[in-house]
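Novice: attaching a predicted model along with its sequence, questions to come.
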Amino acid sequence: MGCMLICLRLLVLALLSGCATAVAQQSDVACPSNRQLTVNVLYRVFPIRIGTDVGSAFTLEIGDEQYIVTAGHLLKGPAPTEVEVKIAREEWVRIPVRLVGRGEGQDVLVLATTVDLSPRYPVEVGTEGLVLGQPVRFLGFLPDVETAPIPGYERGAPLVAGGVFSGFGKNSGSLWIDGHNNKGFSGGPVVYHPLKAPTLEECRWKVAGIITGYHHVPVFTEGNVQVLAANNQPVVANSGLMVATTIRTVEELVRRTQGAGLIGDQAAGRERSGQ
């Protein structure tokens, strides 16, 4: 009798476990692989010029503030007090900025300003759900390529390119992507949506990182002789493997600034300006 009771209990537990697993599996739906990019991402991306260096940038809200995020290598000199952007028109407009931070060992730059550069449509950030081999998109502008305007803007839409997530960097602060990065895309966002979600409505695009560069490889002749430039420096080519800095770096920089009390000063400046 004792053995029969034990077996019966084990059978019930097995059935309950199987039901729970089935319910969990049924709760997730597959996200469409061809899901189009939404305006909460598209409207955030714009060209930026810092000094003479041109690249891409995007906005991101953390707390009550909207920040400008771009690649750190666009800033060659001291902390800027203004930068140029193209927001609503195909014209460079100067805006005041304050340096929030530059990633230590990471090629990222975060700026604050007193004006919103894009609508504050909600957007999710992070790398949770990003898996090896998953398709990703990255957005940016090329200086010599003109695109049709975004509805509601006279400025052209950002170019959208695609790649495959190849892996995290050794320090987990970077992302490797099988995709071709072009000059001008630096500073643009890398986005993805999860492969599965509880509902189709939750298959939303998420910002995973910032485009910061690409892997270089030396160029050799057919005789296996390395090609050198006129200045005797090695000629290198784009390997087709690009690198991005994780969005976590941006969040850490902002949190550090908030801890120093600087965000409150920025918000006070906005209040004084009537914005």
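Specialist: Now that the structure is in, tell me what you want to look at.

Novice: separation between Gln176 and Asn232?
Specialist: Slight slip there: residue 176 is Trp, not Gln. Noted for Trp176: a distance of 30 Å to Asn232, by CB to CB, to the nearest Å. C-betas here are computed from N, CA, C, even on glycine.

Novice: between those two, tell me which one has more neighbours.
Specialist: More neighbours surround Trp176 than the other of Trp176 and Asn232, with 17 against 6 (other CB atoms under 10 Å).

Novice: how about the more buried one, nearest residue that isn't a chain neighbour?
Specialist: Ser166 (4.3 Å; CB to CB, 6 or more residues apart in numbering).

Novice: so that neighbour: helix, strand or coil?
Specialist: When classified by DSSP: H, G, I helix; E, B strand; the rest coil, Ser166 comes out as strand.

Novice: ok, it - contacts?
Specialist: Going by CB atoms under 8 Å, 6 or more residues apart in numbering, Ser166 touches 132, 176-178, 241.

Novice: go again with 10 Å.
Specialist: Counting by CB atoms under 10 Å, 6 or more residues apart in numbering, Ser166 makes contact with 132-134, 136, 175-179, 241-243.

Novice: one more: Pro47?
Specialist: The contact partners of Pro47, by CB under 10 Å, 6+ apart, come to 54-57, 84-87, 90, 92, 140-143, 155-156, 158, 184, 187-188.

Novice: which of these are buried, as a PyMOL select command?
Specialist: Applying 16 or more other CB atoms under 10 Å to the contacts of Pro47 leaves a buried subset, and the PyMOL line that selects it is:
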select buried, resi 54+55+56+57+85+86+87+140+141+142+155+156+158+184+187+188
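
Novice: sitting in strands, which of the contacts of Pro47 do you find?
Specialist: 54-57, 84-85, 140 (DSSP state E).

Novice: and of those, the nearest to His73?
Specialist: If you rank those by distance to His73 using CB to CB, Gly55 comes first, at 8.4 Å.

Novice: right, and that closest one touches Lys76 too?
Specialist: No: under the criterion of CB atoms under 10 Å, Gly55 makes no contact with Lys76, lying 11.9 Å away.

Novice: phi first, then psi, for Glu202.
Specialist: Backbone torsions for Glu202, taken as degrees, to the nearest 10, come to phi -90, psi 10.

Novice: once you drop chain neighbours, what's closest to it?
Specialist: Glu202 sits nearest to Pro194 (CB to CB, 6+ apart), 8.0 Å away.

Novice: let me know the helix or strand that that neighbour is in.
Specialist: Taking DSSP states H and E as the definition, one finds Pro194 inside no helix or strand.

Novice: quote the end-to-end distance of stretch 52-68.
Specialist: One end of stretch 52-68 sits 18 Å from the other (CA to CA, to the nearest Å).

Novice: how about stretch 228-242?
Specialist: End-to-end distance for stretch 228-242, by CA to CA: 23 Å.

Novice: oh, and call the first residue 807 from now on, that's how I've got it
Specialist: Sure, I'll start numbering at 807, so the last one becomes stretch 1034-1048.

Novice: give the buried residues for it.
Specialist: 1047-1048.

Novice: now do that stretch: everything it contacts.
Specialist: 944, 967, 969, 972, 981-989, 991-992, 996, 1017-1026, 1032-1033.

Novice: quick one on the thing from earlier: I'd like the ones in strands among the contacts of Pro853 laid out as TSV, including pLDDT.
Specialist: Putting these into TSV (pLDDT from 0 to 100) gives the following:
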residue	pLDDT
Val860	95
Gly861	96
Ser862	96
Ala863	97
Glu890	96
Val891	96
Gly946	96
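
Novice: pipe these into a markdown table and attach distance to Glu934 per row.
Specialist: Listed next are these as a markdown table, based on distance: CB to CB, whole Å:
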| residue | distance to Glu934 |
| --- | --- |
| Val860 | 33 |
| Gly861 | 27 |
| Ser862 | 24 |
| Ala863 | 24 |
| Glu890 | 35 |
| Val891 | 30 |
| Gly946 | 24 |
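
Novice: most widely separated two among these?
Specialist: Every pair of the ones in strands among the contacts of Pro853 checked by CB to CB; the farthest is Glu890 and Gly946, at 16.3 Å.
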